[in-house]
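>>> model this:
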Amino acid sequence: MKWDEFFVTGEPMIYASMVAIAVVSLAIPIGLTYFKKWGYLWNEWLTTVDHKRIGVMYILSALLMLFRGGVDALLMRAQTARPENGLLDAQHYNEIFTTHGVVMILFMAMPFVIGLMNVVIPLQIGARDVAFPRLNAISFWLFFAGAMLFNISFVIGGSPDAGWTAYFPLASPEFSPTVGNNYYSLALQISGIGTLMTGINFIVTILKMRAPGMKLMKMPMFTWSVLITNVIIVFAFPVLTVALALMMFDRQFGTQFFAMQNGGMDMLWANLFWIWGHPEVYIVILPAFGIYSEIISTFARKNLYGYKSMVISMVAISMLSFVVWAHHFYTMGHGVMVNSVFSITTMAIAVPTGVKIFNWLLTLRKGKIEFTTPMLYSLAFIPIFTIGGVTGVMLAMASADYQYHNTMFLVAHFHYVLIPGTVFAVIAGFYYWFPKVFGFRLNERLGKLSFWVIVVSFNVTFFPLFILGLNGMTRRMYTYSASTGFGPLNLISAIGAVGLAIGFIILVYNIYWSVRYSPRDTTGDPWNARTLEWSTHSPVPVYNFAKVPTVDSLDAFWFSKKNKTPLAEGAYEPIHMPSNSGMPFIMGIAFFFAGFFLVFSWWLPAIIAGLVILGTMAFRTFERDHGYHISVEEIERTEEALRGERK
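All right, here's what the predicted structure looks like:
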């Protein structure tokens, strides 16, 4: 392979990215060496199996990918606002909208949600950790390996360019001869295996490790939403795994599963992708519903209205999510009967979602509402998400979809669903649970400032796209003539995108400011919250609970505060904890290199990396590691120190 085929060259933006990567790659080891933090990094983070630290690493990765995907979005908005300036050519525009979609869905929304799951779920159910701590670490490092593999495509080999859905024949070797879509198939495969492991892990954790007395119908709503989400993961992700394997075979071994000849069928890819892809929407939305349920009940100072109907509606959504996939290609040749069935199921899924909206509104009714930053995001979600839902019902009508399909109207719709439905939720959850992890709250004034900038800018960015779509502007259009009249609304949208970037920069500055100046407070419940995770110290000790609580009602922590009755009684007992392991980290590196070598069809080094993966698995099989015990004396010292800080 020639040098100019291996490294992407020819664009100032590419050279700037290469310089930035080189600078960061040098700065990190130099900084770690100067401050003598290599041992700390290895012992406390890279080898950790603590669910809280793994959750923090997921969230940090998600924030990094948020800005990576955000830069793509700014470039697209800049190009469509002034296409005559030629900021991007057709090929780079194709690559950028492809990577933007993949990064935002799979490498930002998913890890942010899974990060909050990791931090909160064991605490909400009274567990010391997840069911399989090392599997949890492997899940993270596989996700991270997949994310890094996908992102280096921008400078090495070229990014995928067939859209985030990678439809065939566009993604076939004939129409996409570069290695970009090899990156797509292998990076998503690696990270998807990690996500599937996460799904199994959390189902077992929630079903088998709840505190004494916590029946299923006494679980917090966020825990319910995570349980249902992970059931969807276990059913949906194997479909993606198979589809990506077939894609790799087509591209690298000459099979023709998705070809137009020799018995292949390009629509097979579309069906497999969306059988996974539409449940994927609810994988990132349902935990968000759980987050909003926790926050709204906390800051309305009321029990969540309609607990049972909320659970039933989430179960209904999870089942219906698997029978709506064909609405993504109404216009691609299905008959009237098929379109009618999927139109009905798509409209039906709006009903349980509407039930949840009314439950939140009735929770707010006559509540003593406190307008904190997490609550502001939760309140803004309701009307904005409703707009997204109503336009979704419009798109559900198969005959009308012939007008809406592949226009900017559709782009506006799914951003009105996913940004308030997921991004607002994870930011709200980030503010809400931040003191539980770090022992101090983020600055509220900066939080509210970033909220208003983000919410206003979001509507300025995406509402004009509804009008552009109805006026005939198709999605993925990188240029257009002035006579179309698309320019002014695209310019407004670009201005809104800049505002969104400013809002997220304020959020990051808030983290920096709060780390330096916010007062530390180990109070277990800085928000006067209701659920079990707030009954322990902030930040949470490694063992989570010195005494495992006993739960005898929904919102048990709330009632224990009101009645001044302890949730856990009796003497301290020694606590068994899993020890750290370097195997997950090593396995993540091996998967990264195996994927990288397979992208370029370098079979020998790929086989060697595969043998390293098998070797780490074999080593772990025979590793005699029984964890470690925390003695009663050490627990007493830790608890006394935390109580002293609290005073």
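>>> right, and residue 307 touches residue 554 too?
Yes - if you go by Cβ atoms under 8 Å, residue 307 and residue 554 touch, sitting 6.6 Å apart. Where C-beta positions appear, they are placed from N, C-alpha and C, glycine not excepted.
>>> overlap in contacts, these two.
Shared contacts of residue 307 and residue 554 (Cβ atoms under 8 Å, 6 or more residues apart in numbering): residue 217.
>>> identify the residues contacting residue 192.
Contacts here follow Cβ under 8 Å, 6+ apart; on that basis residue 192 touches 146, 237, 240, 241, 244.
>>> who wins for neighbours among those?
residue 146 (27 neighbours; other Cβ atoms under 10 Å).
>>> what strand or helix carries that one?
helix 133-152 (DSSP states H and E).
>>> how far does the following helix or strand past that helix sit from its chain's centre?
Using DSSP H and E, the helix or strand that follows helix 133-152 towards the C-terminus is helix 180-208. With Cα atoms, centre = their mean, to the nearest Å as the basis, helix 180-208 stands 12 Å off its chain's centre.
>>> report the buried residues of helix 180-208.
Buried residues in helix 180-208, counted by 16 or more other Cβ atoms under 10 Å: 180-203, 205-206.
>>> can you show me the helices along the stretch 451-600 of the chain?
For the stretch 451-600 of the chain, applying DSSP state H, counting those that start in this stretch gives helices covering 487-517, 556-563, 583-599.
>>> measure stretch 529-549 end to end?
End-to-end distance for stretch 529-549: 17 Å, by Cα to Cα, to the nearest Å.
>>> centre of the chain to that stretch, how far?
Distance of stretch 529-549 from its chain centroid, counting by Cα atoms, centre = their mean, is 25 Å.
>>> and it, what's buried?
Residues of stretch 529-549 classed as buried by neighbour count (16+ other Cβ under 10 Å): 529-541, 543-549.
>>> got it, and stretch 57-73?
57-59, 61-66, 68-73.
>>> and it, C-alpha only, in PDB?
Output in PDB follows, covering the C-alpha atoms of stretch 57-73 (Å, rounded to 0.1, in the frame of the first residue of the first chain):
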ATOM      1  CA  MET A  57     -14.600   6.100  32.000                       C
ATOM      2  CA  TYR A  58     -17.700   5.400  29.900                       C
ATOM      3  CA  ILE A  59     -19.000   8.900  30.500                       C
ATOM      4  CA  LEU A  60     -15.600  10.600  29.800                       C
ATOM      5  CA  SER A  61     -15.400   8.600  26.500                       C
ATOM      6  CA  ALA A  62     -18.900   9.700  25.700                       C
ATOM      7  CA  LEU A  63     -18.100  13.400  26.300                       C
ATOM      8  CA  LEU A  64     -15.000  13.100  24.100                       C
ATOM      9  CA  MET A  65     -17.100  11.500  21.300                       C
ATOM     10  CA  LEU A  66     -19.800  14.200  21.800                       C
ATOM     11  CA  PHE A  67     -17.300  16.800  20.800                       C
ATOM     12  CA  ARG A  68     -15.900  14.600  18.000                       C
ATOM     13  CA  GLY A  69     -19.400  14.200  16.500                       C
ATOM     14  CA  GLY A  70     -20.200  17.800  17.200                       C
ATOM     15  CA  VAL A  71     -17.300  19.000  15.000                       C
ATOM     16  CA  ASP A  72     -18.700  16.900  12.200                       C
ATOM     17  CA  ALA A  73     -22.100  18.600  12.700                       C
END
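>>> sketch out the low-pLDDT regions of this protein for me.
Within the chain, the segments meeting pLDDT under 70 span 1-21, 24, 522-523, 644-647.
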